[in-house]
Every structure is written in C-alpha cells, then in structure tokens.
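S.K.: Next comes the sequence, and after it the predicted model I'd like to discuss.
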Amino acid sequence: MRPTTRIAAGLLAAWAVHDLEELLTMRRTARELLPRLPRWVPIPHELRRDGLEQRHINLAVALMGLAMATASAAGVRSGGRSPLFRGALLGFGVHGFTHIAMALAARRYVTGVATAPTVVIPFWLWARRELARAGVRDDDRAAVLAALAFLPLVPGAHAAAHRLLRGRR
C-alpha cells in the first residue's frame, strides 16, 4: 500500500474514531450548552430548548461521514493530491483546535475534546509530514479553498438532519 493511500484511508479512520466520541457524548453536551448560546445564534427554538435527539446526531454524523468518505476516496485515487482530500485533511486538523478552544471557553468537557488532542491533531500532523515527504502540501490555495468549502458542512449536516427528522418526534 502506498503511503498516500494509508494517509487518505487514515483520514476516514481518524474521523470515525473522533466521531464515535461525538456519537457517544454530543447529546449530553448539546442539552447543556445549546440553551447557553447567545440568542443571535440561528438555531431552532426546540433544539435550543431540548438539545439534540440521538437520531439527529446519528444522521448528522452519517452525513458528515459521506463527505469524509468522499474526500478520503479522492485522496486514495489521486495519491493525496486531490484538493478535496487536502482541504478535508486541513479542515479536519484545524477543527481539532476548535474542540480544545470550546472546552477552554466552556471550562468543561465538550464533545470531541478527548480525541481532538489524542487522535485528530496527531493524525493531522503525521499526515502533513508524510505528504510533505511525497511532495504534497495541504496549505496551498486549492487546499485552503477546499477546507473553507467544508466549513458549512457541519452546520449543514445538522440542518439537514433537523429538516429530515422534523415531524418524527
């Protein structure tokens, strides 16, 4: 197996480990933190009041899984050179720091913070180093633009899950 194939497949594996933590902990974290968000944050009233149902979390994680599987497959096919893959890798690594920042701001455990410094960030740093050895960067214009394109996917996955499950409460 080529090193770039291991890295591309590893992105999906690292994401799965990280999101397993989120599957197991997001319901409680959301129930405690969503009511504390500022009123200007645009979330439906029932989510602010009740938090996220487990089936909502499951669906949102599955939708993100499709995006990550697509990016990983693009990485395997392109030998790590696909802008989609490189952007997903960059976004995945940087997002690990957002979990840490959220935990510091909340002064408590928040979903994802256990695997951010133990899985997400170490995997990202290793993958960047290995890709650099193969002459592939994840910080060029195409990768950064692809990473920025991933930003709306998380709220989009939650919005889609909310819309798809609405009326099934």
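M.R.: Done, it's in. Numbering: from 1, shown residues only.

S.K.: What is the top helix by length along the chain packed up against?
M.R.: If you go by DSSP state H, the chain has its longest helix at helix 3-33. Where contact means 3 or more CB pairs under 8 Å, 6 or more residues apart in numbering; DSSP states H and E, helix 3-33 is packed against helix 54-78, helix 83-106, helix 121-133. Any C-beta I mention is one placed from the backbone N, CA and C, and that applies to glycine too.

S.K.: buried set for that helix?
M.R.: 4, 7-8, 10-12, 14-15, 18-19, 21-23, 25-27, 29-30 (16 or more other CB atoms under 10 Å).

S.K.: Please apply the same query to stretch 56-70.
M.R.: 56-57, 59-61, 63-64, 67-68.

S.K.: ok, now stretch 104-112?
M.R.: For stretch 104-112, by 16+ other CB under 10 Å, it's 110-112.

S.K.: what does the worst-scoring helix or strand of the chain on mean pLDDT rub up against?
M.R.: Using mean pLDDT, DSSP states H and E, helix 45-50 stands out as the lowest-scoring helix or strand of the chain, at a mean of 85. The contact list for helix 45-50, computed with CB atoms under 8 Å, 6 or more residues apart in numbering, reads 30-31, 34-35, 37, 162.

S.K.: ok now it, how far from the chain's centre?
M.R.: For helix 45-50, the gap between its own C-alpha mean and the chain's C-alpha mean amounts to 23 Å (CA atoms, centre = their mean, to the nearest Å).

S.K.: Dump that helix to PDB, keeping only the CA atoms.
M.R.: Extracted in PDB, the C-alpha atoms of helix 45-50 (Å, rounded to 0.1, in the frame of the first residue of the first chain):
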ATOM      1  CA  HIS A  45     -36.100  27.000  19.300                       C
ATOM      2  CA  GLU A  46     -36.800  23.300  20.000                       C
ATOM      3  CA  LEU A  47     -33.100  22.500  19.700                       C
ATOM      4  CA  ARG A  48     -32.100  25.300  22.000                       C
ATOM      5  CA  ARG A  49     -34.700  24.100  24.500                       C
ATOM      6  CA  ASP A  50     -34.400  20.300  24.200                       C
END
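
S.K.: and that helix, which residues are buried?
M.R.: L47.

S.K.: Stretch 116-127 now?
M.R.: 116, 119-121, 123-124, 127.
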